[in-house]
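J.: can you look at this prediction? I've put the sequence above it.
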Amino acid sequence: MDAKYPLRINKYLSSQDYCSRREADGLIKAGLVKINGRVAILGDKVSETDKIEVSPSVKSRLTTLKYYAYHKPASVVTHISEDGQTDIKEIFPLKDKTIFPVGRLDKSSRGLIILTNDGRITGKLLGPEMNREKEYAVRVDKKISGFFLNKMSYGLNLGDFITKPCQAKQTGFDEFNIILTEGKKHQIRRMCDALGFVVKDLQRIRIMNIGLKDLKPNEYREIKGKELEIFLSELGLK
(Lines give C-alpha, C1' and ligand atoms only; values in the text may rest on other atoms or scores of the structure.)
Protein backbone atom coordinates (compact mmCIF):
# COMPACT_ATOMS: atom_id res chain seq x y z
CA MET A 1 0.00 0.00 0.00
CA ASP A 2 1.41 3.38 -0.98
CA ALA A 3 0.62 5.41 2.13
CA LYS A 4 2.41 7.37 4.84
CA TYR A 5 2.10 6.01 8.35
CA PRO A 6 0.70 6.58 10.90
CA LEU A 7 -2.59 6.37 9.02
CA ARG A 8 -6.11 7.01 10.28
CA ILE A 9 -7.97 3.73 10.63
CA ASN A 10 -10.80 4.78 8.29
CA LYS A 11 -8.29 5.72 5.59
CA TYR A 12 -6.48 2.43 6.11
CA LEU A 13 -9.68 0.41 5.65
CA SER A 14 -10.53 2.39 2.52
CA SER A 15 -7.05 1.85 1.08
CA GLN A 16 -7.44 -1.89 1.67
CA ASP A 17 -10.70 -1.78 -0.33
CA TYR A 18 -12.96 -2.89 2.50
CA CYS A 19 -15.23 0.11 2.00
CA SER A 20 -15.29 3.89 1.61
CA ARG A 21 -13.99 6.12 4.42
CA ARG A 22 -17.54 7.08 5.39
CA GLU A 23 -18.54 3.44 5.56
CA ALA A 24 -15.39 2.71 7.57
CA ASP A 25 -16.52 5.19 10.20
CA GLY A 26 -19.75 3.21 10.52
CA LEU A 27 -17.86 -0.07 10.92
CA ILE A 28 -15.67 1.47 13.60
CA LYS A 29 -18.67 2.88 15.48
CA ALA A 30 -20.28 -0.57 15.35
CA GLY A 31 -17.21 -2.16 16.96
CA LEU A 32 -16.40 -4.30 13.93
CA VAL A 33 -12.74 -3.29 13.69
CA LYS A 34 -9.89 -4.13 16.08
CA ILE A 35 -6.33 -2.81 16.33
CA ASN A 36 -3.94 -5.22 18.07
CA GLY A 37 -6.90 -6.93 19.72
CA ARG A 38 -8.49 -3.69 20.96
CA VAL A 39 -11.78 -2.43 19.52
CA ALA A 40 -10.93 0.58 17.38
CA ILE A 41 -12.48 4.00 17.92
CA LEU A 42 -12.92 6.91 15.52
CA GLY A 43 -9.69 8.83 15.04
CA ASP A 44 -7.39 5.92 15.86
CA LYS A 45 -4.20 5.77 13.82
CA VAL A 46 -2.32 2.67 12.76
CA SER A 47 1.29 1.91 11.90
CA GLU A 48 2.74 -0.63 9.52
CA THR A 49 3.32 -3.14 12.34
CA ASP A 50 -0.19 -2.96 13.82
CA LYS A 51 -2.49 -5.97 13.45
CA ILE A 52 -5.85 -4.91 12.01
CA GLU A 53 -8.82 -7.25 12.33
CA VAL A 54 -12.11 -6.72 10.52
CA SER A 55 -15.24 -8.68 11.39
CA PRO A 56 -15.92 -11.66 9.08
CA SER A 57 -19.35 -10.14 8.42
CA VAL A 58 -17.65 -7.23 6.68
CA LYS A 59 -15.51 -9.53 4.56
CA SER A 60 -18.51 -11.62 3.56
CA ARG A 61 -20.29 -8.42 2.49
CA LEU A 62 -17.77 -8.05 -0.34
CA THR A 63 -19.24 -11.18 -1.93
CA THR A 64 -22.77 -9.70 -1.95
CA LEU A 65 -21.95 -6.44 -3.68
CA LYS A 66 -24.14 -5.62 -6.66
CA TYR A 67 -23.65 -3.32 -9.65
CA TYR A 68 -26.33 -2.18 -12.09
CA ALA A 69 -26.37 -0.23 -15.34
CA TYR A 70 -29.53 1.88 -15.46
CA HIS A 71 -31.11 4.10 -18.11
CA LYS A 72 -32.17 7.22 -16.24
CA PRO A 73 -35.09 8.93 -17.97
CA ALA A 74 -35.05 12.68 -18.56
CA SER A 75 -36.83 14.74 -15.86
CA VAL A 76 -35.59 12.42 -13.09
CA VAL A 77 -33.01 13.70 -10.58
CA THR A 78 -30.14 11.60 -9.24
CA HIS A 79 -29.68 13.57 -6.02
CA ILE A 80 -32.12 14.24 -3.17
CA SER A 81 -35.31 15.49 -4.76
CA GLU A 82 -36.98 18.79 -4.01
CA ASP A 83 -40.71 19.50 -4.04
CA GLY A 84 -42.30 18.22 -7.25
CA GLN A 85 -39.19 16.38 -8.48
CA THR A 86 -38.89 12.65 -9.08
CA ASP A 87 -35.93 10.97 -7.39
CA ILE A 88 -34.12 8.11 -9.14
CA LYS A 89 -34.71 5.89 -6.09
CA GLU A 90 -38.45 6.41 -6.42
CA ILE A 91 -38.62 4.83 -9.87
CA PHE A 92 -35.65 2.45 -9.98
CA PRO A 93 -37.30 -0.96 -10.43
CA LEU A 94 -35.28 -2.69 -7.68
CA LYS A 95 -36.52 -1.59 -4.26
CA ASP A 96 -33.28 -2.10 -2.34
CA LYS A 97 -32.45 0.67 0.13
CA THR A 98 -28.74 -0.21 0.06
CA ILE A 99 -28.46 0.62 -3.65
CA PHE A 100 -27.45 4.18 -4.59
CA PRO A 101 -26.48 6.03 -7.78
CA VAL A 102 -22.80 6.81 -8.31
CA GLY A 103 -22.44 10.42 -9.42
CA ARG A 104 -25.05 12.55 -11.13
CA LEU A 105 -26.74 13.03 -14.45
CA ASP A 106 -28.63 16.29 -14.64
CA LYS A 107 -32.42 16.36 -14.66
CA SER A 108 -32.77 17.26 -18.34
CA SER A 109 -30.33 14.56 -19.49
CA ARG A 110 -30.94 10.85 -19.88
CA GLY A 111 -28.89 7.73 -20.18
CA LEU A 112 -26.45 5.59 -18.26
CA ILE A 113 -25.89 5.80 -14.56
CA ILE A 114 -24.38 3.10 -12.35
CA LEU A 115 -26.15 2.03 -9.17
CA THR A 116 -24.48 -0.13 -6.54
CA ASN A 117 -24.19 -0.93 -2.84
CA ASP A 118 -20.38 -0.71 -3.07
CA GLY A 119 -19.24 2.55 -1.53
CA ARG A 120 -15.64 1.86 -2.54
CA ILE A 121 -16.19 2.81 -6.16
CA THR A 122 -17.42 6.38 -5.63
CA GLY A 123 -14.05 8.08 -5.23
CA LYS A 124 -12.31 5.73 -7.64
CA LEU A 125 -14.83 6.51 -10.37
CA LEU A 126 -15.59 10.19 -9.73
CA GLY A 127 -12.30 11.58 -8.41
CA PRO A 128 -11.19 14.39 -10.76
CA GLU A 129 -7.66 13.01 -10.87
CA MET A 130 -8.90 9.62 -12.10
CA ASN A 131 -9.67 10.72 -15.69
CA ARG A 132 -12.40 8.11 -16.20
CA GLU A 133 -13.98 8.18 -19.65
CA LYS A 134 -17.67 9.03 -20.02
CA GLU A 135 -19.25 9.15 -23.47
CA TYR A 136 -22.32 11.14 -24.49
CA ALA A 137 -24.51 11.32 -27.60
CA VAL A 138 -25.64 14.91 -28.17
CA ARG A 139 -28.10 16.58 -30.54
CA VAL A 140 -28.01 20.34 -30.96
CA ASP A 141 -30.24 22.94 -32.62
CA LYS A 142 -28.36 23.40 -35.89
CA LYS A 143 -25.78 21.96 -38.26
CA ILE A 144 -22.42 20.98 -36.79
CA SER A 145 -19.21 22.26 -38.39
CA GLY A 146 -15.58 21.21 -38.22
CA PHE A 147 -14.86 24.43 -36.34
CA PHE A 148 -17.39 23.42 -33.68
CA LEU A 149 -15.84 19.96 -33.27
CA ASN A 150 -12.31 21.37 -33.04
CA LYS A 151 -13.29 23.91 -30.40
CA MET A 152 -15.07 21.23 -28.38
CA SER A 153 -12.08 18.89 -28.66
CA TYR A 154 -9.23 21.22 -27.77
CA GLY A 155 -10.76 22.86 -24.70
CA LEU A 156 -12.98 25.85 -24.06
CA ASN A 157 -12.68 28.70 -21.58
CA LEU A 158 -16.01 28.76 -19.78
CA GLY A 159 -15.03 31.57 -17.45
CA ASP A 160 -14.71 29.64 -14.20
CA PHE A 161 -12.63 26.87 -15.76
CA ILE A 162 -11.07 25.67 -19.00
CA THR A 163 -12.28 22.29 -20.20
CA LYS A 164 -9.78 19.50 -20.68
CA PRO A 165 -9.05 18.30 -24.22
CA CYS A 166 -11.53 15.61 -25.20
CA GLN A 167 -12.77 13.59 -28.17
CA ALA A 168 -15.68 14.89 -30.26
CA LYS A 169 -16.95 13.17 -33.40
CA GLN A 170 -19.84 14.12 -35.68
CA THR A 171 -22.47 11.39 -36.02
CA GLY A 172 -25.18 13.27 -37.94
CA PHE A 173 -26.25 16.63 -39.37
CA ASP A 174 -26.83 18.07 -35.89
CA GLU A 175 -25.47 15.23 -33.75
CA PHE A 176 -22.12 14.33 -32.23
CA ASN A 177 -20.56 12.05 -29.64
CA ILE A 178 -18.19 13.42 -27.03
CA ILE A 179 -15.90 11.59 -24.60
CA LEU A 180 -15.01 13.48 -21.42
CA THR A 181 -12.61 12.62 -18.63
CA GLU A 182 -14.05 15.24 -16.29
CA GLY A 183 -17.55 16.00 -15.12
CA LYS A 184 -18.24 19.62 -14.32
CA LYS A 185 -21.85 20.59 -13.72
CA HIS A 186 -23.76 21.04 -17.01
CA GLN A 187 -20.40 20.94 -18.80
CA ILE A 188 -21.54 19.79 -22.24
CA ARG A 189 -24.49 22.18 -22.27
CA ARG A 190 -22.19 25.04 -21.27
CA MET A 191 -19.62 24.10 -23.91
CA CYS A 192 -22.28 24.10 -26.62
CA ASP A 193 -23.74 27.37 -25.36
CA ALA A 194 -20.29 29.00 -25.49
CA LEU A 195 -20.20 28.21 -29.21
CA GLY A 196 -23.74 29.43 -29.89
CA PHE A 197 -25.46 26.03 -29.90
CA VAL A 198 -28.37 24.80 -27.79
CA VAL A 199 -28.52 21.17 -26.65
CA LYS A 200 -31.79 19.54 -27.66
CA ASP A 201 -30.99 16.05 -26.39
CA LEU A 202 -28.15 14.70 -24.25
CA GLN A 203 -27.69 11.02 -23.50
CA ARG A 204 -24.83 9.34 -21.63
CA ILE A 205 -24.06 6.10 -23.43
CA ARG A 206 -20.91 4.84 -21.71
CA ILE A 207 -18.98 5.01 -18.43
CA MET A 208 -15.53 3.45 -18.80
CA ASN A 209 -16.23 -0.03 -20.25
CA ILE A 210 -19.89 -0.06 -19.18
CA GLY A 211 -22.21 0.71 -22.08
CA LEU A 212 -25.89 1.69 -22.08
CA LYS A 213 -26.45 -0.87 -24.87
CA ASP A 214 -30.13 -1.41 -25.65
CA LEU A 215 -31.56 -0.37 -22.28
CA LYS A 216 -34.70 1.70 -22.58
CA PRO A 217 -35.62 4.46 -20.09
CA ASN A 218 -36.14 3.05 -16.58
CA GLU A 219 -34.68 -0.32 -17.57
CA TYR A 220 -31.62 -1.80 -15.87
CA ARG A 221 -29.29 -4.77 -16.14
CA GLU A 222 -26.87 -6.27 -13.67
CA ILE A 223 -23.20 -5.72 -14.43
CA LYS A 224 -21.46 -9.07 -14.04
CA GLY A 225 -19.02 -11.52 -15.56
CA LYS A 226 -16.16 -10.23 -17.70
CA GLU A 227 -17.71 -6.76 -17.94
CA LEU A 228 -17.67 -6.39 -14.14
CA GLU A 229 -14.20 -7.90 -13.88
CA ILE A 230 -12.79 -5.32 -16.30
CA PHE A 231 -14.65 -2.48 -14.59
CA LEU A 232 -13.40 -3.33 -11.09
CA SER A 233 -9.91 -4.04 -12.37
CA GLU A 234 -9.68 -0.60 -14.01
CA LEU A 235 -10.84 0.93 -10.72
CA GLY A 236 -8.08 -0.95 -8.89
CA LEU A 237 -10.49 -3.18 -6.98
CA LYS A 238 -9.38 -6.50 -8.43
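T.: Now that the structure is in, tell me what you want to look at.
J.: can you give me the helices in the protein?
T.: 9-15, 21-29, 56-61, 88-91, 121-126, 146-154, 187-194, 225-234 (DSSP state H).
J.: contacts for the fourth one next, please.
T.: Applying CB atoms under 8 Å, 6 or more residues apart in numbering, the set of residues contacting helix 88-91 from outside is 70, 72-73, 76-78, 81, 99-101, 113, 115, 218. Quick note: C-beta positions are derived from backbone N, CA and C, even for glycine.
J.: can you rerun that using 7 Å?
T.: Helix 88-91 has contacts (CB atoms under 7 Å, 6 or more residues apart in numbering) with 72, 76, 77, 78, 101, 218.
J.: what residues sit buried inside it?
T.: With burial defined by 16 or more other CB atoms under 10 Å, the residues of helix 88-91 counted as buried are 88, 89.
J.: least trustworthy helix or strand in this structure by mean pLDDT?
T.: Using mean pLDDT, DSSP states H and E, helix 56-61 stands out as the lowest-scoring helix or strand of the chain, at a mean of 73.
J.: what bits of this structure have low per-residue confidence?
T.: 1-3, 59-63, 81, 83 (pLDDT under 70).
J.: show me the contacts for residue 69.
T.: 112, 114, 210, 212, 215, 220, 221, 223.
J.: can you flag the buried ones in the contacts of helix 88-91?
T.: By neighbour count, with 16+ other CB under 10 Å, these hold 72, 76, 77, 78, 101 as buried.
J.: which of the residues you listed fall in strands?
T.: Among those, the members found in strands (DSSP state E) are 72, 76, 77, 101.
J.: quick check: phi and psi on residue 51?
T.: Torsion angles at residue 51 (phi, psi; degrees, to the nearest 10) stand at phi -100, psi 120.
J.: burial measure for it, as a count.
T.: 9 (other CB atoms under 10 Å).
J.: how about residue 209?
T.: For residue 209, using other CB under 10 Å, the count is 15.
J.: returning to what we had before: from the buried ones among the contacts of helix 88-91, which is closest to residue 176?
T.: The nearest member of these to residue 176, counting by CB to CB, is residue 72 at 20.9 Å.
J.: what is the neighbour count of the spatially closest residue to that closest one that is not a sequence neighbour?
T.: Distance criterion CB to CB, 6 or more residues apart in numbering; nearest residue to residue 72, sequence neighbours excluded, is residue 113 at 4.9 Å. For residue 113, the count of nearby residues is 24 (other CB under 10 Å).
J.: and residue 113, bridged to which residues?
T.: residue 70 (DSSP bridges).
J.: right, and it touches residue 101 too?
T.: Yes - between residue 113 and residue 101 there is a contact at 5.2 Å, judged by CB atoms under 7 Å.
J.: who touches both of the two?
T.: Common neighbours of residue 113 and residue 101 (CB under 7 Å, 6+ apart) are residue 78.
J.: could you give the angle of the longest strand along the chain to helix 187-194?
T.: Within the chain, and with DSSP E defining each element, the longest strand by residue count is strand 199-207. Counting by axes from the mean of the first three to the mean of the last three CA atoms, to 10 degrees, strand 199-207 lies at 140 degrees to helix 187-194.
J.: counting by contacts, list what strand 199-207 packs against.
T.: strand 110-116, strand 134-140, helix 187-194 (3 or more CB pairs under 7 Å, 6 or more residues apart in numbering; DSSP states H and E).
J.: want to throw the ones you listed into a markdown table with distance to residue 235?
T.: Listed next are the helices and strands packed on strand 199-207 as a markdown table, based on distance: least, CB to CB, whole Å:
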| stretch | distance to residue 235 |
| --- | --- |
| strand 110-116 | 11 |
| strand 134-140 | 14 |
| helix 187-194 | 22 |
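J.: nearest to residue 47, of those?
T.: strand 110-116 (32.3 Å).
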